[in-house]
Structure formats: structure tokens, C-alpha cells
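Colleague: quick one: sequence and predicted model below, then my questions.
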Amino acid sequence: MASIHEHDAAVEAAQKIEMVEVEDGYTLTNLPDESITQQFDVEQIPQKDVTQEMREQSAKEDPTSWLMYGGGYQQQRHTSADVITKDNVGDLELEYLVQSGVASSMEGVPIVVPGDPPVMYQTNGPNHAKAINARTGETLWSYTYANPQGLLLCCDANNRGFAVHGDKVYMTTLDSGIVALNRYTGEEEWYTSTGDHEIGYSATWAPIVHDGKVITGSAGGEYGVSGFVQALNPEDGSSIWKTNTTPADEWAGDSHEHGAGTVWMTPTLDPDSGMIHAPVGNPGPDFDGTVRPGPNRYTIGTLTLSADDGSVQWHYGESPHDVWDYDSSAPKIRVNDMEMGDETRDVVLSPGKTAWVYTMDAGNGRLLERSQETTQHINMWKMVPHVDEDRRVAFVPGAHGGNDWQPPSYNPETGLMYVNQNNAPHEIFWEEAQYEAGQTYWGGGLNDWPDVSEPQGWNGNLSAIVAVDPVSGERVWRDWISSDTTSDYLWGGSITTATGLTFAGTQNGNIVAYDGENGDRLWQFQLGAPICSSLSSWYDPGEGKQYVAVQVGGSGWLHGGRRGSTVAVFGLSEN
Amino acid sequence: MSQYVNDGMPEIGQEDRRQFLKVVGLTGAVAAGSEFTLSDLRGEVEGETAGELAAMGEAIRSDLVGTLDAGLLGSELASLEEQITRLPELRAMGVPAEDSTEYQQLAEPGWAIHEHLVEVGFFESVEEHLPEFTPEHIGATAREFINTAALASALSELGYSEEELTSTVVNVVNNKERLAMWVPTKNIPAGVEGFDPQNIAPLHQRAAAGTLLWTDYLDTYLWQNEVLLTDTILDNNYGDLKQMYAGLHLLANAAEDLAGSQELSDAQLTAALSAGAAMMIVGQEDLTNDVMRITDEMRAPRTGGA
């Protein structure tokens, strides 16, 4: 166990914050009046700026770093670190636990800047952050952002991690902003608001920094906002460009003004082409498509933009005119030079709530293959909007997928993609009485398993970890996650290693190492609380060890499970 | 989801015919369940009696006479008719080329008409004076449409066969539950999901704009998704477009008549506007189910990455 500082003003402020349920979701109370930084032994942090070149080599080419949410710009979540292998993963041991001191949403990915010592930068809800000696687990500074009153949160007080550039780290804030901190001291450098939190905008994802721009998105798709992707100046937070995802000429009347299409997970970027592949969520309102006829471009799918000026390059829609909340918010994976038949192609891989993996030509969005189903498909696209209760239909995948936001991974060594999938039935319904009353008729309601009728043919499994060949679309293996409890959802992501391993966490608290080729479970460790985050891994040459880090604790809008406040770090020596 | 024969138009079964005849009030003169066309029924169904459709049409006419540009509507209606006759060519084309604008061209005259009607407040007037899609209003509209030979004959001249028109009308009338979901904007409450009803277009505008937005999407959509497409899906795409464009033509024809010759009676005006919107609504919902939501059972086989 790493040391815990007796007095940490940032932790104490965060501990006082309460998340309370309100009519349309959640809000936070007992918020601090101003942001708080608590410094400890910050002298341990090596003062070496993070560069564009370092980020482009992160994880995949430079195993000593994990500088971005998705490992690298292409979000393959793949490390070239090779100390942990299929043969020795059984010896992987818990190295240390960091207690954040704040039992809140734990959906973030710790990033690691190489050095002596390497430094981990970690965030969790509600906008609490830390710099940590990644060798010892010692906290070097803590920070809590002072969110304002009046937040509207659909799902939890989430934050999924930092971006890093130069001497700064960048965190989105629940009031729809970005705050830049000096990563050597934890002190605020600048803050920029990107949307009005009082009308429902918020921000939870890890941003990215590329070529003089901090790239961020938008959340609030259940509150009638209009989505966007925005680029800010990393030095002062000024806006460089902002691209709306619901252009007026693609919508009927003025419905685009509340058309949602938010980009609430980390965009993927290809540094060579300068293309951003943004994951786009549901159209608004969620369930009544009659007020927004047509395909509702650019919702639910992959929206590709130029990083230079934000101009739209192409969009691929996975559920045109959606009425099931089938977001496509999982981060996209970019793979260049993939061999498909006789050709070599640059592709974008997308797993959506529709429970297929889409392999698209990265240059124009043309579908090259759609995979076999990753979960069951039962009564999909069959339910009729606005029917009475007697005609509800339980369907799979439910409103959380398939693949909700859980980040997928790719391993160039196996050529496979790994996706954490949900298989639970849901019912969406519209209540005629409420329709008459005129308040929730197009919001309707959602029944979650087990409060639904069991659809015929359902296999009883709530989730699965699945390997897919993105070239052929073949489902290569599938590990159903099943028990008698209702907590076996998957909210976290996976990572891969050069040695063919796939690591993933489960909602029942196991971190599992799979043989990526066949799905055999080679190692697992029970952490005692749900894992709702993705992971990171790096090699520390000073110690001769490869590490794997994961945040532990329940979060999310369905079956979040028991809260936690832990970052667990495992290690294995090369000798 | 509708079922189709080779031409992609709705296939009408015995139960569909029985249900349709019941809605339009024909249970004796034509044997329930027997084959029929709209022409067979003309003169058999009872036309407007209570004067409700006529009163609605008169109110719309009163609002809009003098506001519409007859020249623009006449010219764009002619262009729309030219585009509608291209539908078989579009089906024969199959999957559009990468930079195709063939489907966007189909929609262009419709957009011009739509923009003009938005500018003059046409859709607000129509929504104000027409009721929701109740079973009674759908039945009355269908009876008036059947008895107005001019409305059907205009479509026949554009290549719609008697069977196609019949299946379109039967499909619309038998989808009264789906039509009822399309609530007039004036009846939509405020404050749900932060959505302001002032941002929602009037019902008949939504029907038209949806038709045109889907059409514009088809060039890209079909090209991007070729690996999933089958001939059945392309046939259905063609049939669903024919339904939608029959509706769009009825709407545009009614507006052009209102601006110029005023040959349609008040009741016929109402029937054209209601039937037009209903065909566009049911057609785009069919398109969504038949073409956009491709299940594993519907799709073309995977090619294994070749």
C-alpha cells in the first residue's frame, strides 16, 4: 500500500461533495468555492516537457510511456512492452494500491510520463486528480476542481483522464470546460468553458492534444443540446475551431438546435493524415423520431474531421434516425496498412451499441465489412414507438449496447480487436397517461434487466468479452461473463500487449489476462469492487518491470455497483 | 416492416384488403378480401357528406390564396414530375458511384417547393386547419382520394400503375397506428428533454422534409453500405421511394393548384394534403425499416475480407 497523506485539502474538499438525484438525472452539492491544489513532494517530478513526437510514439513504439487515454492517437490500447508474457503472467503481482481518498466514479485511465521516476497522472469523479510516483505510488500533488452549482449530469460524476503536453495536463470538467494544470505543481494555468452547463452541457472524457490543439467534445445528449467537436489553444485555452455535429441543412425545421449528436468520448486521431475520427452519440430527443425526420446526420456513428480546421470529411451512420439510444460512443480505432484480400488499407474500426464491429475505409467511410454479431440480436429494431404497456418488447442489445462507451482494443500481433459487450435485454416504453399529461411522452422510460420480460431465445448472459477479426468480420472467440447476479455488466475497456495478451476488468471485480488468440483465461485477480475503467501499461527501465494499472470502483448509469477509490498497479520484473 | 414483391411496392394480402375496406366503409358492395383496384372502388365509396373536409380546405384556401408563387410552383412541379419518372432509372442504376448526386437530383425540385412553402407559412396553415391522423380522418381522406380521379390520374401519368397506387393507399390506411404517432406540432408539450416545440416543424413539413432528407442521404448511404446490400433491399428502396414521392407529388400538386387554377374542390384539397403527408410518412418509415436497418438475416453474405 502506498503512503496516504494525513492532510490533503484537495481530497477533503472532494470528499464533501455529494451527488444527489434530481428529476432529470444528478447534480452535485457541497461544492468548494474555489479549486484546490495540495502539493506534497513535487520535486520528484522530472521537469521534461512532453512533445508531439513523444505522443506519437506513446505505448506502441515507446513502451516506457502511456501518454494518452487510448495509449496512442490511434487508440489501439496496445503496448510494445513485452516483459509480461503468456508464460509468466501467472507471476504478475500487485505492486501497490493508491487510495485516491475520493469514493466516486472511477472510469479514468491513468497516463504515465516516462522519467526517473515515471509519473502517473490520474483523475476520477468529481474532477479530482493526482500526480503519483508511478514507481512507488506516492501522491505528489492532489487537485479538486471547483464545479459550479446547477450541474445536470445524466449518468454519474465521471472523468476519464488527462491529456498531456509540454508542462501541462488537461482535464475536462463536469461544467463543460477544460482546465489546464501545471503538471509539475498541480496549479491551474487556465480554464475555458466550451458549453453552458445550465442547459445540460457537460464534459467527462479525456481530451487529446495534437499539433498545437487541445481537442475536446460535448456531452448532454439527453438534455436537448447540440453536439460539437472543438479545438483549443493548449497554451491559453482560446478557441481555434468548433464544428457542430447537427448542421441545420441536415435536419427538418429548427430541430437541429436540440439534435444532440454529442461526442462524449475521446476522439481518435491519425497523425499521418491529420484526420480526427469522433464517436457520435444519439439524436435528440432520444426516443421520438417523428419530430426529427430523416437520417439525423451526423449522429450515431463515426464523424471524421480535419484536425487542421475541423471541416467534415465523412460520416458513417450505424443507426440512421435512431430511436433506441444506440450511441456509437466507444472510441474508434485507427489501423493503417491493414491487409484485406489483395489490398492494403487504412481502416477505422467501430464497435457500437448495435453489437457489430464496423470496418470502414479511413479515407471515405465506406463500409468494408460488418462483423458477425458480438452479442445476441433479439427483437432488434422491432419495437414500435409509442405503444401501450401491453405491447412492450424486450430487445437485445439494450439501450446500453452491445458496446456502450467501453473502449475497445486492437493487437497488431494477433490482428484482432477486443470488445467488452453487454447482452442484457431492455424494454423502452411510452406511457400513454404521461403522454396525455405532456411531460415525458417522448422521453418515455426504460426497463433494465431483470425488470423486463425475458425474450425468447435469450441465453441468460449479461455480457461478454469478444475477439473479432476486423478483416473477415469473424467472431474469433467470446467469453460470456455470466453468473446469477445482476451486476455482470461490462463498463470498462481492454488493452493488449506485444506478447499477445489482452487485459480487461469486469464488473464483479476481476482483472483478467486473456490469451488474445484463443480467449483462454491465463490469470485473474479479484480487486473487491467493480472495474468500470480501462487500463494502462508501461515498462519502467529503472526498475526493469512492466506495470499494469487500473482504477477500481463502481460507476455509471446502470448497476454501477459498490463505490471504490483505488488505483491498483500490478508489476512483473523482467528478471 | 412491409412485405414486398419484386417491384418493391407493398404486397397486399387478403387481410390487408379486408381491413382497408372496413376503414373506407365498404363491407358489402365489394366482397371483403377480393382483389380490387382504386378504380374498382370509385363510385362505391361514400364521398364527403358532413362537409368537414371541405371546411378544412376552405380555411386553408382562405389563408393562402395570394401568397403562393404560381410560376415557381408550376416550374418546380414540372421538374419534380420529371424526376419522378426517373425512379426506374435509379433502380436500374443499382448502387450509386462514390461521388454520385443522382438521388440528390431527385430531391432538388422538392426542396425548392418545400422552401417556398416554408417561406409563405403554408405548413403552419395546413397544420392549423387539419386534424391529427385519427382513424376517422384517415378514412374520410381515403374515401375522398379514391373518388377524386384527378388525383390518381396525375400519378398514373408519372408511371404509377393502378396496382402500385392501390397498394400505396391500402398500405397508408392500414398503418393508422403509425400515422397517429406523428403528432401535430401544436399538440406537442414543452419542456421534455429540453426540447422546445418551437424548434419542431409543422407536421406536414416534417413529412416532406423527411422525404427529402432521406433522399439526399441515399447517394452516400447506398455507396457506403454496398457490402450489406441485396437486390431485395434495392427493390424495397425503389418501392418506398415511389410511396414517398407519390405523397410529395400530391402535396406539391395541391399547392400548385391552390396558387393557380384552383380546380380542386375544398374537400379534394384537404384529401390531397392529408393523403400526401400520410404517404410520405408511411413511405419513410418503410424505407427506414427496409433499407436502413439491415439485420444479419437481410444483409448480403460476408466475403471474408476479399
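Modeller: Alright, I've got the coordinates. Only a predicted model underlies this, so the values are computations on that prediction, with no experimental measurement involved.

Colleague: can you list the low-confidence ranges for the stretch 151-300 of chain B?
Modeller: Regions of the stretch 151-300 of chain B meeting the criterion pLDDT under 70 cover residues B:191-195.

Colleague: mind redoing it with 90?
Modeller: B:175-178, B:180-181, B:183, B:185-199 (pLDDT under 90).

Colleague: ranges for the helices of it?
Modeller: Per DSSP state H, counting those that start in this stretch, the stretch 151-300 of chain B carries helices over the ranges B:162-173, B:176-181, B:203-224, B:231-259, B:266-287.

Colleague: do the third one and chain A meet at all?
Modeller: Yep, that's helix B:203-224 we're talking about. Yes. With Cβ under 8 Å from any Cβ of the partner chain as the measure, helix B:203-224 is seen reaching chain A through B:205-207, B:209-210, B:212-214, B:217, B:221, B:223-224. For glycine as for every other residue, the C-beta is placed from the backbone atoms N, C-alpha and C.

Colleague: show me which of those residues is closest to B:V65.
Modeller: The shortest approach to B:V65 among those belongs to B:Q205, at 19.7 Å (Cβ to Cβ).

Colleague: where does the stretch 1-150 of chain A get nearest to chain B, residue-wise?
Modeller: A:D24 (8.1 Å; Cβ to the nearest Cβ).

Colleague: quick check: bridge partners of the closest residue to A:K545 other than its chain neighbours?
Modeller: Of all residues not flanking A:K545 in the chain, A:G571 sits nearest, at 4.7 Å (Cβ to Cβ, 6 or more residues apart in numbering or on different chains). A:G571 has these beta-bridge partners by DSSP bridges: A:E93, A:Y547.

Colleague: what about A:G571, distance to A:A81?
Modeller: 11 Å (Cβ to Cβ, to the nearest Å).

Colleague: please apply the same query to B:Y238.
Modeller: In terms of Cβ to Cβ, B:Y238 sits 55 Å off from A:A81.

Colleague: so how far is A:R160 from A:A424?
Modeller: Distance from A:A424 to A:R160, by Cβ to Cβ: 23 Å.

Colleague: same question, A:S80
Modeller: 23 Å.

Colleague: one more: A:L572?
Modeller: 26 Å.

Colleague: between these two, tell me which one has more neighbours.
Modeller: Ranked by neighbour count (other Cβ atoms under 10 Å in any protein chain shown), A:L572 and A:R160 place A:R160 first, with 28 against 19.

Colleague: now for that one: which residues touch it?
Modeller: Shown in contact with A:R160 (Cβ atoms under 8 Å, 6 or more residues apart in numbering or on different chains): A:69, A:107-109, A:123, A:204-206, A:265-266, A:533.

Colleague: tell me the secondary structure for it?
Modeller: coil (DSSP: H, G, I helix; E, B strand; the rest coil).

Colleague: now do the phi/psi pair for it.
Modeller: Main-chain torsions, A:R160, degrees, to the nearest 10: phi -110, psi 10.

Colleague: distance of it from B:A92?
Modeller: 50 Å.

Colleague: ok, back up a step: A:L152 is in contact with the residue of the stretch 1-150 of chain A closest to chain B, correct?
Modeller: Yes. Contact criterion Cβ atoms under 8 Å: A:D24 and A:L152 qualify, at 6.5 Å.

Colleague: what do these two both touch?
Modeller: A:Y223.

Colleague: those two: who's more crowded?
Modeller: A:L152 (24 against 17).

Colleague: burial of the closest residue to A:P46 other than its chain neighbours, as a residue count?
Modeller: With Cβ to Cβ, 6+ apart as the criterion, A:P46 has its nearest non-adjacent residue at 3.7 Å, and that residue is A:G115. By other Cβ under 10 Å, 18 other residues sit near A:G115.

Colleague: next, the contact list for the closest residue to A:T64 other than its chain neighbours, please.
Modeller: Sequence neighbours aside, A:P114 is the residue nearest to A:T64 in space, at 4.0 Å (criterion: Cβ to Cβ, 6+ apart). A:P114 makes contacts with A:62, A:64-65, A:538, as judged by Cβ under 8 Å, 6+ apart.

Colleague: pLDDT score assigned to A:P114?
Modeller: Looking at A:P114, its pLDDT is 98.

Colleague: repeat that for A:Q434.
Modeller: 37.

Colleague: okay, the one residue in the stretch 51-200 of chain A that gets nearest to chain B: pLDDT?
Modeller: In the stretch 51-200 of chain A, no residue comes nearer to chain B than A:G200, which is 5.9 Å away by Cβ to the nearest Cβ. At A:G200, the pLDDT value in this model is 89.

Colleague: separation between it and A:M275?
Modeller: The value you get for A:G200 to A:M275, if Cβ to Cβ is used, is 29 Å.

Colleague: which of these two has more neighbours?
Modeller: A count of neighbours by other Cβ under 10 Å puts A:G200 above the other of A:G200 and A:M275, at 27 against 21.

Colleague: which residue, other than its chain neighbours, is closest to that one?
Modeller: Using Cβ to Cβ, 6+ apart, the nearest residue to A:G200 is A:Y223, at 2.6 Å.

Colleague: hmm, the one you found is touching A:I199, no?
Modeller: Yes. Using Cβ under 8 Å, A:Y223 makes contact with A:I199 at a distance of 6.8 Å.

Colleague: neighbour-wise, which of the two wins?
Modeller: Neighbours per residue, other Cβ under 10 Å: of A:Y223 and A:I199, the larger number sits with A:Y223, 24 against 15.

Colleague: what's the neighbour count on the nearest residue to A:N133 once chain neighbours are set aside?
Modeller: Distance criterion Cβ to Cβ, 6+ apart; nearest residue to A:N133, sequence neighbours excluded, is A:P117 at 5.1 Å. The number of residues packed near A:P117 is 20, by other Cβ under 10 Å.

Colleague: list the contacts of A:P117.
Modeller: A:44, A:46, A:133-136, A:540, A:542 are the contacts of A:P117 under Cβ under 8 Å, 6+ apart.
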